[in-house]
Every structure is written in structure tokens, then in C-alpha cells.
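[1] Give me coordinates for this.
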Amino acid sequence: MLRLGAKYFTQPAEPTHRRYEALRAYFVDGLSATEVGQRFGYSPQVVHQMASELRAGKAAFFQSSKPGPKGPRKSARIRDRVLALRAQDLSVTEIARTLAGEGTPVSAQTVWSILEAEGLERLARRVPSQRGAPPPRLPPVKARAIAHWPAGITLPCDHAGLFLLVPGIVELGLPDLIASCKYPSTKVLSAWQSLGSLLLAKCARKARVSHTDALADDDALGLLLGLTALPKATHLTSYSYRVRRASNEQLLASVTKRLRELGLATGEEGFNLDFHAIRHHGEDTPLEKHYVPRRSQRTRAVLTFFAQDHASTEMVYANADLTKAEQAREIIAFADYWQQVAGTDPGLLVFDSKLTTYKVLSELTARGIRWMTLRERGPKLIADLAARPNSHWSTVRIERTGRYRSPDIIDELVTIKDLEGPVRQLAVRNIGREQPTLLITNDIERTTKQLFARYAERMSIENELDAYISGFHLDALSSGLPLNVDLDTTLTVIAGNLYRLLARQLPRYEHATPDRIWRHFLDSTGTLHLTDDQLILELRVRTYHPVLIDAGLADQPTPIPWLDGRQLKFRFPPR
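    Below you'll find the predicted structure:
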């Protein structure tokens with residue numbers, strides 16, 4: 001009688017197992033080919049064939065479970081060479097480097113394992129002059145203007161996608177604007193070449209100037225600015241400290257004027273204003289403490305101010321040279337800035353309640369500038385609103401996505417201490433908050449629905465700032481002084497506008513974030529071909545190239561003024 005489990009051997013289910021049991025019965029149990037075939041479902045001819053394959057060593061039923069390499073170990077082959085090199089007083093690193101040069105690359109850890117097995121100790125630490133010869137290094141290419149145009153050469157370009165921003169740079173006329181803003185230059189590099197290098201680093205989403213080595217190694221980017229190579233981090237850092245706020249403010253004004261000539265940044269629907277605190281991570285810094293929302297604490301930080309055109313969503317102003325004493329009046333500084341740029345006071349200014357004071361709001365009203373902000377809710381105000389009957393509240397239908405599209409609003413004129421004259425107050429409930437939200441404004445022309453919808457749209461500047469923080473590394477503060485941070489925020493605004501100019505040409509990408517534009521189009525490699533009068537950039541095949549082709553980038557050569565009018569052409573290889 002067979003024991004329980006014998007069925008596994010007598011009636012194997014797997015084909016390989018069945019062949020094994022059949023051959024075992026044939027060779028060990030002595031059954032005939034016919035008997036084996038009847039038991040396991042084979043013809044006698046198949047049984048004879050399987051037996052022949054087994055005798056010839058062609059049948060394999062089990063795999064070896066021995067781990068590790070099946071051939072001789074590398075260390076066994078190089079042991080004698082390692083010991084010979086150690087006899088020459090070479091260190092572990094030097095031995096590994098020598099073996100790699102001889103065509104036998106091994107790690108320093110492998111070398112140390114061989115030496116340790118032989119009972120040899122590590123060498124005592126030596127001064128650099130006593131060590132072996134360092135690996136050969138090519139002398140770094142210095143950034144300087146190219147003497148002759150290198151026509152007829154082809155260069156690989158690891159950051160080819162950045163060339164897609166060149167039409168926007170030309171459209172804004174950035175080199176001429178920078179030249180007119182009294183930015184410093186050096187004996188070797190012009191102001192445009194230094195600032196252009198910083199701008200490329202910002203558009204390439206490099207978190208800090210010290211991270212620009214990869215760009216400096218890209219010869220094609222250097223040629224784009226008419227240089228033998230992009231300047232290194234040392235020059236870019238020292239250059240940023242030479243820049244003054246007056247130059248940054250003049251450049252922002254010039255860029256905004258150019259945007260207005262292109263039909264953008266009109267200011268007709270007003271502006272969204274906001275502060276952003278950039279935290280400093282070092283010690284012993286002369287910075288003031290500001291509240292940093294991401295950290296939920298007050299800490300040493302650089303306070304920056306941004307203004308966004310509401311209609312076109314472009315950032316038109318930035319300032320990082322702010323102190324607490326100047327914070328409340330920065331809104332007046334922006335109004336003066338816009339008066340200089342557009343020749344008129346700005347439209348409706350929408351901002352958070354902590355942006356300024358009631359005294360400054362009264363000054364804005366006296367100038368005829370409209371504003372809207374939040375009002376802080378004290379216990380008395382909350383109690384008074386809770387006591388109001390439902391008949392005082394009017395339901396307004398707002399055309400917007402998401403929830404809370406039917407808020408209840410009380411719209412009335414109120415008098416507030418320290419604020420001259422009556423102002424319009426909107427108490428809003430049923431928008432997902434426990435207590436009503438209070439909005440105050442000096443705009444008496446817009447309807448209740450228009451005012452609340454306009455404030456709800458103010459979130460666009462917070463979303464844009466978040467995109468700038470993640471896309472252009474606005475929070476990567478590398479200095480305790482606001483001097484070069486102000487240049488960084490200025491370049492952030494310009495980089496955002498270049499991304500926006502590109503996005504406006506691309507179907508279905510008009511409102512895409514910088515991160516999406518970068519991932520789909522700018523994070524790309526390619527090859528640059530130079531002729532006497534052209535730069536032909538052949539972009540590596542990407543899924544999203546049809547969007548660029550539909551936008552006409554393959555058919556519109558762009559003359560580059562700073563390269564003597566040579567044309568930039570894009571080529572998209574077929575799939």
C-alpha cells in the first residue's frame with residue numbers, strides 16, 4: 001500500500017517531472033519502454049529518444065544552487081599584480097587607478113580585500129606631495145568671447161531644450177534692455193553674457209549658482225552667448241554681489257514695458273500682491289526674523305514682494321531688499337513703479353490683510369487707487385454677524401470650479417478705526433470655513449458677485465509663487481545678504497515670463513506650470529550644427545515634439561542679434 005503523498009511521484013503533473021520519473025522507471029526499475037510509455041503517457045519511441053538524450057548528457061532536470069560567480073574570481077586573477085603594486089608603496093586608491101588604466105577596472109574596496117587577506121595594513125596618511133601622480137586633468141576652458149565663429153563644427157548639447165527660450169529672449173530684447181540698465185561688466189565678459197549665464201542657470205532649474213558646473217561644461221550653451229564656455233560659479237557669485245537694486249528695478253520696468261507692447265501685462269484687471277519669506281539656513285546673519293509658513297515659525301529670512309498681473313498671470317515686479325520698517329509701504333512703492341511703467345496708477349490691488357496698514361490704505365484711497373483685502377475678525381465682529389438674521393444674507397452664485405459656489409454675503413458700508421472714510425465690507429459665509437470671512441474694499445462700482453469672485457481668483461498668485469518655488473528654486477537661498485537674492489528674484493520673474501511666452505505658442509499649454517513646460521519640452525538633449533550664418537539645433541526625439549511643430553517652431557528661424565544676426569533653426573528628426 002502506497003503512503004500518503006506517493007501520488008506526487010506516480011502521477012507527476014509537471015512535464016519535466018514526468019520525464020524524470022519515466023526515465024527513472026526505465027533505468028532504475030528496469031521497466032520496458034512499452035510499460036513506461038503506458039504508465040506515463042509516452043510512445044515507446046519517445047521513451048527510447050529520451051533515454052538517448054540522457055546518455056548523451058543533453059537532458060537536465062536540476063539546477064545547481066551554488067551561489068556566486070561560476071568562473072574564476074577576478075581577485076584571484078589580479079592578486080599578484082595588486083601585491084606587486086603595493087611593493088611599490090602605492091595606496092589602495094592608486095592601485096585601483098593603475099589597474100583601471102591597464103584594462104582591469106576594480107574598486108578600491110576589492111584591492112583592500114586582497115591586501116587585508118594577505119595581512120597587509122593600510123599605508124600611513126601622506127601629504128599630497130608624497131602621493132602618486134594625480135589623474136590627468138584637462139585645463140579648464142576660460143569663459144571669453146569667441147575670436148572666430150567656428151563654422152562647420154557639430155557639438156552635442158546636454159541642455160538643448162533651453163534653446164527653445166531664445167525666441168522669447170529675442171522678442172523681449174533682453175540684451176539691449178540689460179545694456180541700458182547699467183549692469184556691471186568685466187574686461188572679458190559683457191553684462192549680458194554674465195546675466196545671460198545666470199538666467200540660463202535659472203531657466204535650467206539649478207537650485208544654486210554653485211550647481212552650474214554642468215551648464216559650464218556644455219560648449220553649445222557657451223556658443224549661444226558667444227563665449228568659449230559659460231562662466232564658472234566663482235564669477236557668477238561674485239558678479240551677483242556687484243549688482244544694485246536700481247538696475248534690477250529698471251530691468252523689471254523695461255521688461256514689463258516690452259510685455260505691454262506685446263499685449264501682455266496690461267494691468268487692466270488689476271494686480272495680485274503677496275509677500276514670500278525665503279528662509280536662511282546659516283548662522284550669524286544680519287537678516288531680520290519673518291514668519292515662514294512652510295516652517296510655521298518666525299526665523300531669519302529674506303522678505304520678498306511680488307506683484308502679478310491678474311489678467312495675463314505674468315509676474316511684473318519683485319523686490320527682495322525689504323526691511324520690516326519698509327514692509328507696510330511696499331505697496332506704495334509698487335504703485336509708484338507702475339506709474340513709471342504705464343503712466344497711470346495701477347488698477348484694483350488685491351492682497352492679504354497682513355500686507356500693509358490702514359494708514360497706507362487711506363493713502364491709496366487718497367490717490368484714487370482701488371484696493372481689496374481681508375479684515376481681521378475680532379470676537380465682537382463674529383458675535384455681531386452671528387446675531388444677524390438670515391434675511392440679511394444674500395446668496396450669490398459664483399461661476400468657478402470646485403465646491404462652495406453659492407456663498408451667503410452681507411454687503412454694506414462700515415467705518416473702521418484708523419481708516420479714513422467709510423469702506424465697503426463683504427461678510428461671506430458658506431465657503432467651507434467655520435466663521436464668516438470679511439472683505440473690505442474702497443471699490444463701490446463692482447457688484448457683490450464680481451468683488452467676491454475677484455478675491456477668490458487671488459489664489460492665482462499663491463499658485464504661481466508655489467510654481468516658482470518648486471520650478472525655479474526660489475527658496476534656495478545661498479546668501480545671508482539680500483543683495484544677490486534681489487537679483488535672484490528678478491531673474492525668477494524674467495525666467496517665468498520666458499516660460500510663459502513659450503507656453504503661449506503651444507496649443508493646450510497656454511496655462512501650463514513651469515514644471516510641466518520643463519518636463520515636456522525643455523529637459524531635452526540634442527546636437528548643434530554650426531554654419532557660417534546659422535545655428536541648427538537638432539533636438540532628440542521626444543513624445544511632445546508634435547506640439548512644437550504645430551506651433552511653427554520648425555518653420556520660423558530666429559535671428560540672434562548678439563551673434564551678428566545668425567539664425568537659430570530647430571530641426572525635429574522623424575521617428
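
[2] Where does pLDDT dip in the protein?
    Where the chain drops to pLDDT under 70, the residues are 1, 63-76, 127-140, 209-210, 279-300, 401-402, 459-461, 465, 470-483, 574-575.

[3] List the buried residues in stretch 507-520.
    The neighbour-count check on stretch 507-520 (16 or more other C-beta atoms under 10 Å) flags Y509, A512, T513, P514, I517, W518, H520 as buried. Bear in mind the C-beta positions are built from the backbone N, C-alpha and C, glycine included.

[4] mind giving me a markdown table with those and columns for distance to A56?
    A markdown table is the format used below for these (distance: C-beta to C-beta, whole Å):
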| residue | distance to A56 |
| --- | --- |
| Y509 | 66 |
| A512 | 66 |
| T513 | 67 |
| P514 | 67 |
| I517 | 65 |
| W518 | 62 |
| H520 | 59 |
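
[5] among those residues, which are in helices?
    Per DSSP state H, helices hold the following members of the buried residues of stretch 507-520: P514, I517.

[6] any idea which of the buried residues of stretch 507-520 is closest to H211?
    Among the buried residues of stretch 507-520, W518 lies closest to H211 (C-beta to C-beta), at 15.5 Å.

[7] how about the helix or strand harbouring R79: buried residues?
    Here R79, judged by DSSP states H and E, is contained in helix 74-86. Neighbour-count burial for helix 74-86 flags I78, R81, V82, L85, R86 (criterion: 16+ other C-beta under 10 Å).

[8] Pull it out as CSV, backbone CA atoms only.
    Only the C-alpha atoms of helix 74-86 are listed here, as CSV (Å, rounded to 0.1, in the frame of the first residue of the first chain):
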residue,chain,number,x,y,z
LYS,A,74,38.6,38.5,-10.6
SER,A,75,40.5,39.0,-7.4
ALA,A,76,42.3,35.7,-8.0
ARG,A,77,43.5,36.9,-11.4
ILE,A,78,44.8,40.2,-10.2
ARG,A,79,46.2,39.2,-6.8
ASP,A,80,49.8,39.1,-7.9
ARG,A,81,49.5,42.4,-9.7
VAL,A,82,48.0,44.1,-6.6
LEU,A,83,50.8,42.8,-4.4
ALA,A,84,53.4,43.9,-6.9
LEU,A,85,52.0,47.4,-7.0
ARG,A,86,51.8,47.6,-3.2
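
[9] and whichever helix or strand comes after it, what does it pack onto?
    Using DSSP H and E, the helix or strand that follows helix 74-86 in sequence is helix 92-101. Packing partners of helix 92-101 (3 or more C-beta pairs under 8 Å, 6 or more residues apart in numbering; DSSP states H and E): helix 74-86, helix 108-117.

[10] mind putting the buried residues of helix 74-86 in JSON lines, distance to A216 included?
    What follows is the buried residues of helix 74-86, written out as JSON lines (distance: C-beta to C-beta, whole Å):
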{"residue": "I78", "distance to A216": "37"}
{"residue": "R81", "distance to A216": "38"}
{"residue": "V82", "distance to A216": "38"}
{"residue": "L85", "distance to A216": "36"}
{"residue": "R86", "distance to A216": "38"}
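
[11] re earlier: next, the angle helix 108-117 makes with the helix holding R79.
    Relative orientation of helix 74-86 and helix 108-117, computed by axes from the mean of the first three to the mean of the last three C-alpha atoms, to 10 degrees: 80 degrees.

[12] In three-state terms, label S524 for me.
    coil (DSSP: H, G, I helix; E, B strand; the rest coil).

[13] ok so, going back, output the helices and strands packed on helix 92-101 as JSON lines; include the columns distance to I382.
    As requested, these are exported to JSON lines (distance: least, C-beta to C-beta, whole Å):
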{"stretch": "helix 74-86", "distance to I382": "77"}
{"stretch": "helix 108-117", "distance to I382": "68"}
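
[14] Let me know which of the ones you listed is the nearest to A147.
    When the helices and strands packed on helix 92-101 are compared by C-beta to C-beta, helix 108-117 sits nearest A147, at 43.3 Å.

[15] Output that closest one as CSV, restricted to C-alpha atoms.
    C-alpha atoms of helix 108-117 as CSV (Å, rounded to 0.1, in the frame of the first residue of the first chain):
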residue,chain,number,x,y,z
ALA,A,108,39.4,50.3,-4.2
GLN,A,109,37.4,48.0,-1.8
THR,A,110,38.4,45.0,-3.9
VAL,A,111,42.0,46.0,-3.7
TRP,A,112,41.8,46.4,0.1
SER,A,113,40.1,43.0,0.4
ILE,A,114,43.1,41.4,-1.3
LEU,A,115,45.7,43.2,0.8
GLU,A,116,43.8,42.5,4.0
ALA,A,117,43.7,38.8,3.2
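
[16] Which elements pack onto the helix or strand just after that helix?
    Where DSSP H and E defines the elements, the next helix or strand beyond helix 108-117 is strand 154-157. Applying 3+ C-beta pairs under 8 Å, 6+ apart, one finds that strand 154-157 contacts helix 219-224, strand 526-530.

[17] Show me what the helix or strand that the longest one is followed by is packed up against.
    Okay, so that is helix 219-224. As assigned by DSSP H and E, the chain's next helix or strand after helix 219-224 is helix 233-240. Using 3+ C-beta pairs under 8 Å, 6+ apart, the elements in contact with helix 233-240 are helix 191-203, helix 482-505.

[18] Show me what counts as buried in stretch 45-54.
    In stretch 45-54, counting by 16+ other C-beta under 10 Å, buried: V46, V47, M50, A51, L54.

[19] want to throw these into JSON lines with secondary structure?
    JSON lines is the format used below for the buried residues of stretch 45-54 (three-state DSSP):
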{"residue": "V46", "secondary structure": "helix"}
{"residue": "V47", "secondary structure": "helix"}
{"residue": "M50", "secondary structure": "helix"}
{"residue": "A51", "secondary structure": "helix"}
{"residue": "L54", "secondary structure": "helix"}
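
[20] Redo these as JSON lines? Include distance to R205.
    Below are these laid out as JSON lines (distance: C-beta to C-beta, whole Å):
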{"residue": "V46", "distance to R205": "66"}
{"residue": "V47", "distance to R205": "69"}
{"residue": "M50", "distance to R205": "64"}
{"residue": "A51", "distance to R205": "68"}
{"residue": "L54", "distance to R205": "64"}
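
[21] re earlier: just the closest of the buried residues of helix 74-86 to V541, please.
    Nearest member of these to V541, counting by C-beta to C-beta, is I78, at 42.3 Å.

[22] Now stretch 378-394: buried residues?
    Within stretch 378-394, the residues scored as buried using 16+ other C-beta under 10 Å are L381, L385, W393.

[23] Span of it from start to end?
    End-to-end distance for stretch 378-394, by C-alpha to C-alpha, to the nearest Å: 23 Å.

[24] List the contacts of that stretch.
    R375, D408, I409, I410, D411, A427, R429, Q435, P436, L438, T448 (C-beta atoms under 8 Å, 6 or more residues apart in numbering).

[25] residues in contact with the second one?
    Right, D408. Residues in contact with D408 (C-beta under 8 Å, 6+ apart) are W393, S394, T395, V396, V428, R429, N430.

[26] what do you get for Q505?
    So Q505 contacts A551, G552, L553 (C-beta under 8 Å, 6+ apart).

[27] Just the buried residues out of those, in ChimeraX syntax.
    The buried residues among the contacts of Q505 can be selected in ChimeraX (16+ other C-beta under 10 Å) with this line:
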select :551,553
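
[28] Could you let me know which of the buried residues of stretch 507-520 ends up closest to I332?
    Nearest member of the buried residues of stretch 507-520 to I332, counting by C-beta to C-beta, is P514, at 30.1 Å.

[29] roughly how far apart are the nearest residue to S107 once chain neighbours are set aside and I114?
    Sequence neighbours aside, A96 is the residue nearest to S107 in space, at 6.3 Å (criterion: C-beta to C-beta, 6 or more residues apart in numbering). Distance, A96 to I114, using C-beta to C-beta, to the nearest Å: 11 Å.
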